[in-house]
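> Predicted model and sequence follow; I will ask about them next.
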Amino acid sequence: MSTSAPEKKRLGVQILTPEGSVHDGEAAMVIAPSVGGELGILPRHVPLIVQLKAGETRIKLLDDTEVIMATTTGYMSVEDDRVLIMVEQAEMAGQIDRARAEEALRLAEEAIQAAGDDADAKRTAEAARKRAENRLKVVDKQS
């Protein structure tokens, strides 16, 4: 009889953006910001497709470390212990440049003011502001 510890249950996790794969590996758990609230996925989760909002996506690796990312809107699919997250943008918390994110926030706020009655310009600037605020929120958790 073997006395070794039982193998941890695993999820395959892939995070894709239009530019390509940002993460592809195995994990013990994924926590993503769905439009209905934060959603945790463990192995053997029922099949699911959910819409994601901008926020913090966390991947708990098999060695109990965490990968934290600032992600934007998109979708998450779960089936057969595979999690596929498709978002417009995803950036590792440790790679976020605080000064660049602060400048993006400043520029977005200026664009909102300059948009006046132009609804499309205002919507675009507000989306940029939300992305910058999310990046700053995520980078603050790494500090």
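Received, thanks. Residues are numbered from 1 along each chain as shown.
> And the longest helix along the chain, what's buried?
Longest helix in the chain, counting residues (DSSP state H): helix 119-142. Across helix 119-142, burial judged by 16 or more other C-beta atoms under 10 Å covers 122, 125, 128-136, 138-139. For glycine as for every other residue, the C-beta is placed from the backbone atoms N, C-alpha and C.
> Pull the residues that contact it.
By C-beta atoms under 8 Å, 6 or more residues apart in numbering, the residues outside helix 119-142 that reach it are 54-56, 68-72, 89, 91, 93-94, 96, 98, 101-102, 104-105, 107-109, 111-112, 114-116.
> tell me the average confidence for that helix?
Taken as a whole, helix 119-142 has a mean pLDDT of 88.
> any idea how far the worst-scoring helix or strand of the chain on mean pLDDT is from the chain center?
Ranking every helix and strand in the chain by mean pLDDT, DSSP states H and E puts helix 119-142 at the bottom, with a mean of 88. Distance of helix 119-142 from the chain centroid (C-alpha atoms, centre = their mean, to the nearest Å) equals 13 Å.
> and if you look at stretch 134-143?
12 Å.
> cool, stretch 12-19 as well?
Distance, centroid of stretch 12-19 to centroid of chain: 10 Å (C-alpha atoms, centre = their mean).
> Buried ones in it, by neighbour count?
Under the neighbour-count criterion of 16+ other C-beta under 10 Å, stretch 12-19 has 13, 15-17 buried.
> So what sits opposite the nearest residue to residue 36 once chain neighbours are set aside in the bridge?
Excluding the flanking residues, the one nearest residue 36 by C-beta to C-beta, 6 or more residues apart in numbering is residue 50, at 7.5 Å. For residue 50, the beta-bridge partners are residue 76 (DSSP bridges).
> so who does residue 50 touch?
Counted by C-beta under 8 Å, 6+ apart, residue 50 has contacts 32, 34-36, 39, 75-76.
> mind listing the helices for this protein?
Taking DSSP H as the criterion, the chain carries its helices at 98-115, 119-142.
> closest one to residue 85 among these?
For residue 85, the closest of those is helix 119-142, at 15.0 Å, according to C-beta to C-beta.
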